[in-house]
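Student: Here is my input; please provide its structure:
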Amino acid sequence: MTPIVIPAYEPDQRLISLLKDMLDQKLGPVIIVDDGSGKEYADLFAQAQEILRELGGTVLTHEVNRGKGRGLKTAFAHILEVYPDAVGCVTADSDGQHTVDCILSVRQALEENPDKLILGVRRFDGEGVPWKSRAGNKITEKVFAYVSGVHVTDTQTGLRGIPRNFMKELLDVPGERFEFETQMLLESAGKYTIQEVPIRTIYDSRDNHQTHFNPFADSVKIYRILAARFLKYIFASASSCVIDLVLFAIFCRLFKGRTPAYIAVSTVLARVISAVYNYLVNYKLVFGSKQKVAVSGLKYFVLAVAQMSLSALLVTAGSSILPALPEVAVKVVVDTVLFFISYKVQQKYIF
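Tutor: Numbering: from 1, shown residues only. Coordinates of the predicted model:
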């Protein structure tokens, strides 16, 4: 059994139409979450409850609007308690974007692959797709893949098949509104394989079609999540640099006058300590790695040596080709490029 979850805030008759289509196909049980829609929508949810008496399921109600993420968590908790045999659930939107056939496709994929996160993905290159949606999805797809290491062609799809164990984990994942769906994808990294199922791309052009997704405010929340992860990497690198410089100054003071090679000794000691620090911060804080320390540590050492050697080589070559530029300016450009490449290498191959 695989319940269908539909979070709804101030829905219209498209929710009722969807439920009737589900009833025709005997697609249930269905858990609807009324996310604080208010008294004006009481009749509509009463209609929904009547259909659910035949279809199976119920309407859960938030007294005030708490957001899509909280609505999904409310449904997850209900399913985990009431449906102990459910392999997971399928989430769908209430605004007519998901047809019964598409929901069935995602449910079937989940039941055949109960340990995978199933995504019903839309195509954004067809006719009738607004250019803003096409461009926004393409940008988000690339940014998301770079920052998270998870490649998803439709990061904002609401049609998802979620395994039971993942539902339990998601109850403790932060995010109360639309950003929760982004957090879900981030949480899946390294835990659950993502399988994409193509679905219809539906855009309703009727004047009364309303969406509660705020393109600016909700996009800011989504990108803030991605930025927070990358900022951890920036923090790790910046703090490592500071530690390297401070230790270099301390060691220079300690060894000056004791050995003619005090600068080389100070450089090596400071770099070794700062590199170990950087590795540990990346391992625990940035990437949350599950790799064995010995394995990832060796890979990190090889990367550090390669990055340092490549930096020296490229700065030397750049300064030769562009003698008018100060060496420091060339080094800033080279090391910035290597900084972004290093992030991807660490994410994909080390941690």
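Student: what's the helix or strand for Ser240?
Tutor: Assessed by DSSP states H and E, Ser240 sits inside helix 217-255.
Student: Which other helices and strands does that helix contact?
Tutor: In terms of contacts (3 or more CB pairs under 8 Å, 6 or more residues apart in numbering; DSSP states H and E), helix 217-255 is packed against helix 131-148, helix 179-188, helix 262-281, helix 327-345. (C-beta placed from N, C-alpha, C; glycine too.)
Student: Now with 6 Å, please.
Tutor: Judged by 3 or more CB pairs under 6 Å, 6 or more residues apart in numbering; DSSP states H and E, helix 217-255 is in contact with helix 131-148, helix 179-188, helix 262-281.
Student: pLDDT on that helix, on average?
Tutor: Per-region confidence: helix 217-255 scores 84 on mean pLDDT.
Student: for the protein, what helix or strand is lowest in average pLDDT?
Tutor: Ranking every helix and strand in the chain by mean pLDDT, DSSP states H and E puts helix 131-148 at the bottom, with a mean of 75.
Student: tell me the centre residue of the chain?
Tutor: Residue closest to the average C-alpha location in the chain (CA atoms, centre = their mean): Leu186, at 3.3 Å.
Student: For that one, which residues are in contact?
Tutor: Leu186 sits next to Ser148 when contact means CB atoms under 6 Å, 6 or more residues apart in numbering.
Student: Relative to Tyr41, how far out is it?
Tutor: To Tyr41, Leu186 is 32 Å away according to CB to CB, to the nearest Å.
Student: Check Ile118 too.
Tutor: Taking CB to CB as the measure, Ile118 falls 30 Å from Tyr41.
Student: Which of those two has more residues huddled nearby?
Tutor: Using other CB atoms under 10 Å, the more surrounded residue of Ile118 and Tyr41 is Ile118, with 28 against 18.
Student: returning to that earlier point: let me know which of the helices and strands packed on helix 217-255 is the nearest to Ala312.
Tutor: helix 262-281 (13.2 Å; CB to CB).
Student: Quick one: distance of that closest one to the chain centre.
Tutor: Centre-to-centre, helix 262-281 and its host chain are 33 Å apart (CA atoms, centre = their mean, to the nearest Å).
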